[in-house]
Structure formats: C-alpha cells, structure tokens
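Student: got a structure for you, letters missing:
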C-alpha cells in the first residue's frame, strides 16, 4: 500500500511502520499522525517562540496530549467535525493498545471491531473534508478518493515514484492503516499552503 511522502524522513518512518507488530503499528502510526497535526498547529501560531512552544506541547502543558491537539485543530478549522471524530476514534484505539497488559493484535476483539468500523468513519471524514477544505480556500478541491495531483509516493517494494496512491480496507490492520494514510494525506493538503505562510513569518529561537 503506497504512502504519500512529505519529505525524505517520512520514508524511513513509514518503512519502519509497515514492519511493526500490530501493537507497534497502532502506537507508532498514531504518533506519526499526532506529530503532523502538531506541526500544522505550530505553523499557524502567529507568534513564533520555541521556548514557549516547548512548554505548551510537552510535559503537563495544555497541548501535550493528542486529545487536546485534535480539538484545537478542529477549533482552528483545519478539518470538519467528521475528521475530529475519526481522529478521536484512532486515539482511543491507540490508548487501548498502549495501556493493555495483555498481548494486542488486530484480532483482539475491541481492537478488531474499532478498526473495522474505521471504514465507515474514514469515508465520512474524507467526504466532509474536501468541501471543508474548499470553503477555507486552502487548496483546489479534488473528487473524493481521486486526487487531481500526482504525488511522491513510497511503494510496497520500497521504491519511490510519482503517482496517485491507493488504500485498501481488506481487514482490521489494513483498515487502520488506510485511516492513518488518508488522514496524513488530508494533513498534507492543509499543511502545504500553510507552510508557505510559515516561511513568510519571523521565527524567534
């Protein structure tokens, strides 16, 4: 299953992600998603102060948790309510996997059920996301599941090519991966124009 790449560092992370155990995939995949969301939030903060950012995004800071980042991203209108709901469901799956003292796989009943239900939730999120993105005038609107642009993607065999990427929902593991992958694509769509804004703003070390 090909993945869109934002930069060269993504390739190493995604290669590690696809080799992980089920529990590892859930935890690392969600952390990757959280890091992308944090990046977008930081880009859109008018004041740039790394010391202050470090305090609020780590430890006991108000933005240290994935839950807080999800809600702030929604309030900042980066994505619609459907995407917020999907992100919280992925967060709950991550919490179940991280905190369980028993072996965790995508055959574990609660993990399996929640992951397979992501198919419906991901479809709702994607369908709501593109009109939402268009209203915000952040990018050109695409047809659902048919991006109009060609992207740099990492293929299953480890090669990097330019082309459209695809997802599958064959089982619980692939459904979880597809949800992560499509959300990362949505974040890419939001981040690309915002990155241009960031480059025009002063950065206080």
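Tutor: Yes, it's here. The structure displayed is predicted, hence computed values, not measured ones.
Student: make it CA atoms for all contacts and neighbour counts henceforth
Tutor: OK.
Student: just the pLDDT for residue 39.
Tutor: For residue 39, the model assigns a pLDDT of 89.
Student: over to the one 3 residues further on?
Tutor: At residue 42, the pLDDT value in this model is 90.
Student: contact partners for it?
Tutor: residue 53 (C-alpha atoms under 8 Å, 6 or more residues apart in numbering).
Student: that one: which element?
Tutor: Using DSSP states H and E, residue 42 maps to helix 22-43.
Student: quick check: phi and psi on residue 65?
Tutor: With angles defined as degrees, to the nearest 10, residue 65 sits at phi -100, psi 150.
Student: meant to ask about residue 63, not that
Tutor: phi -110, psi 20.
Student: contacts only, for it.
Tutor: 56, 57, 69.
Student: show me where this protein has its strands.
Tutor: Here the chain has its strands, by DSSP state E, at 3-4, 151-154, 160-163.
Student: whichever helix in the chain runs longest packs against which elements?
Tutor: Across the chain, the longest stretch assigned as helix under DSSP state H is helix 172-199. Other helices and strands packing on helix 172-199, by 3 or more C-alpha pairs under 8 Å, 6 or more residues apart in numbering; DSSP states H and E, are strand 3-4, helix 22-43, helix 109-116, helix 118-135.
Student: which one of the ones you listed lies nearest to residue 181?
Tutor: strand 3-4 (6.7 Å; C-alpha to C-alpha).
Student: what residues sit buried inside the helix holding residue 42?
Tutor: By neighbour count with 16 or more other C-alpha atoms under 10 Å, helix 22-43 contains the buried residues 22-30, 32-34, 36-38, 40-43.
Student: that helix vs helix 172-199, what angle?
Tutor: 20 degrees (axes from the mean of the first three to the mean of the last three C-alpha atoms, to 10 degrees).
Student: just want the angle from helix 22-43 to helix 109-116.
Tutor: 50 degrees.
Student: quick one: contacts for residue 22?
Tutor: 104, 105, 106, 173.
Student: now residue 22: how far from residue 131?
Tutor: Distance of residue 22 to residue 131, computed by C-alpha to C-alpha, to the nearest Å: 33 Å.
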